[in-house]
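quick check, what structure comes out for this input:
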Amino acid sequence: MSNTKDHAFVEIIFSNKDNQYFKNLVNTIVDKDIFYDSPVAEHIRGDMTDTLHCTLFFGLQPSSVNDPELLSLISNSEFNTLDLGDFFFFEGYENLYRVLCLEVKDTDNKLFELSKKIESCVKGGEVKEKEFRPHITLTYVNKDFKLPDNTENTKKQIDIEKIRVSLLSEFMESLKEDSMLDLAA
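Model prediction:
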């Protein structure tokens, strides 16, 4: 269900096999006590590998989920794989936490170009625009966490399962469901 504060976004989804690969990788380099769960922001929930994705564009109106022009643009994009780079961190809100990410290489600017085409498809409403730095968010960690020495990503490519338009509210629901499954385990 969408609400008045909802947003839609375009995301690249990966296979369960790749999600599991990165879950195992995160679990070998980050102790569970290091995961950061925000007391106020529902989407900041430690290990993010159960909902692994790469956001191409954020801030669309919820009605974009069914926009024929946007859906056609996405379905006609010719991406099968993404090239991966190194781990890096984004500093979290007021340096309360860090976000461990994996670089998605865009050496030919095709992801950037697709992001710009998506922007041009947007009809009405304001679009939140930020610098485009394609990445995969792996986990939110405590602010003092540092990667162990010699940690590197050995997976240099990842297969794309699909590209889709999603509602933020549905993404948030999936986080809650994953959280409930973790508690039951």
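
tell me, how many residues neighbour residue 35?
18 (other CB atoms under 10 Å). For every residue, glycine as well, the C-beta is placed using N, CA and C.

one more: residue 118?
Counted with other CB under 10 Å, residue 118 comes out at 22.

surely it and residue 55 touch.
No. The criterion here is CB atoms under 8 Å, and residue 118 misses it with residue 55 at 10.8 Å.

overlap in contacts of the two?
residue 10 (CB atoms under 8 Å, 6 or more residues apart in numbering).

which stretches of the chain form helices?
16-29, 68-75, 110-121, 168-184 (DSSP state H).

buried residues in the shortest one, which are they?
Looking back up the chat, that one is helix 68-75. Buried residues in helix 68-75, defined by neighbour count with 16 or more other CB atoms under 10 Å: 70, 73-74.

the inter-axis angle of it versus helix 110-121?
170 degrees (axes from the mean of the first three to the mean of the last three CA atoms, to 10 degrees).

helices or strands up against helix 68-75?
helix 110-121, strand 162-167 (3 or more CB pairs under 8 Å, 6 or more residues apart in numbering; DSSP states H and E).

do the same with the first one
For helix 16-29, the packing partners by 3+ CB pairs under 8 Å, 6+ apart come out as strand 135-142.

other residues contacting the strand it packs on?
Contacts of strand 135-142 (CB under 8 Å, 6+ apart): 22, 25-26, 30, 34-38, 44-49, 52-54, 84, 87-88, 92, 97-104, 158.

mind giving me the ChimeraX command for buried ones among those?
Of those, the buried ones can be selected in ChimeraX as follows, counting by 16+ other CB under 10 Å:
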select :22,25,26,30,34,35,36,44,45,46,47,48,49,52,53,54,84,87,92,97,98,99,100,101,102,103,104,158
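
re the thing from before, worst mean pLDDT among the helices of the chain?
Ranked by mean pLDDT, the helices of the chain end with helix 168-184 in last place, scoring a mean of 57.
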